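Enquirer: sequence plus the predicted model coming up.
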Amino acid sequence: MIVADLAQIAGRTYPARRRTQNLVGGASPIQAEAFALGHVTLEANGGQVPWHNQDQEEIYLVLEGEGEMCLGDEKMTLGAGQAVYIPRRVFHQLTNIGAIPLRMIYCYGPGGDVAHWRQELDGTLPKAGVEAPPLPKGARPQHS
C-alpha cells in the first residue's frame with residue numbers, strides 16, 4: 001500500500017505566495033495516469049494561483065478561507081465547502097481575499113505536470129490582457 005501523508009510532504013512554494021503539496025502525481029509517492037490531486041495553501045491577503053490555463057479539466061475545493069475565483073470572463077467569491085469546475089483550456093485564477101490562509105484541494109485529469117507551475121517559477125506566465133485573455137472586470141491583478 002502506498003500512502004501520501006500531507007504532514008510529511010514539504011511541497012513547493014511559488015512566487016505568487018502559495019505552497020502546493022502533491023498528494024497524487026508530481027513528487028508524491030502516489031502516481032496515477034487519470035488524475036492528479038493536491039493541497040494548496042494561499043497566503044493571507046493576496047496569495048494566488050495566477051491567471052493561467054491548461055489542457056486538463058480541474059476542480060478546486062475550498063477547505064478554509066475565502067477567495068476571488070476568476071474563470072474566463074466570470075468572477076465570484078468562493079468560501080469553505082465550495083467547489084468550482086474548471087473546463088479544459090479556460091483561463092482561471094484564485095486569489096486569497098481574506099486575513100487567514102486559504103486552503104484548497106485541486107484535482108485535475110488526466111494526470112501529469114501542468115505548464116503554469118514551471119512558467120511561474122521561470123517568470124514566463126502569459127500576462128493577462130497581453131499574451132492571455134484579460135481578467136474579468138474588477139478582478140485583482142495577476143501576480144507577476
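Expert: Received it, and whenever you're ready, just let me know what you need. Numbers count the residues shown, from 1 in each chain.

Enquirer: bridged to the closest residue to residue 71 other than its chain neighbours, which residues?
Expert: Spatial nearest neighbour of residue 71, chain neighbours left out: residue 92 (4.8 Å); criterion: Cβ to Cβ, 6 or more residues apart in numbering. For glycine as for every other residue, the C-beta is placed from the backbone atoms N, C-alpha and C. Going by DSSP bridges, residue 92 is paired in beta bridges with residue 52, residue 71.

Enquirer: what sits against residue 92?
Expert: The contact partners of residue 92, taken as Cβ atoms under 8 Å, 6 or more residues apart in numbering, are 49, 51, 52, 53, 58, 69, 70, 71, 72, 86.

Enquirer: nearest to residue 125, of those residues?
Expert: residue 52 (6.2 Å; Cβ to Cβ).

Enquirer: would you quantify the distance from that closest one to residue 99?
Expert: Between residue 52 and residue 99 the computed distance is 25 Å (Cβ to Cβ, to the nearest Å).

Enquirer: of those two, who's got more company?
Expert: Just comparing residue 52 and residue 99: by other Cβ atoms under 10 Å the higher neighbour count belongs to residue 52, 19 against 9.

Enquirer: show me which positions of stretch 23-31 end up buried.
Expert: 23, 24, 25, 26, 28 (16 or more other Cβ atoms under 10 Å).

Enquirer: next step: the residues you listed restricted to strands.
Expert: Judged by DSSP state E, the subset of those located in strands is 23, 24.

Enquirer: between the buried residues of stretch 23-31, which sits nearest residue 38?
Expert: Taking Cβ to Cβ as the measure, residue 38 lies nearest residue 23 of those, at 5.4 Å.
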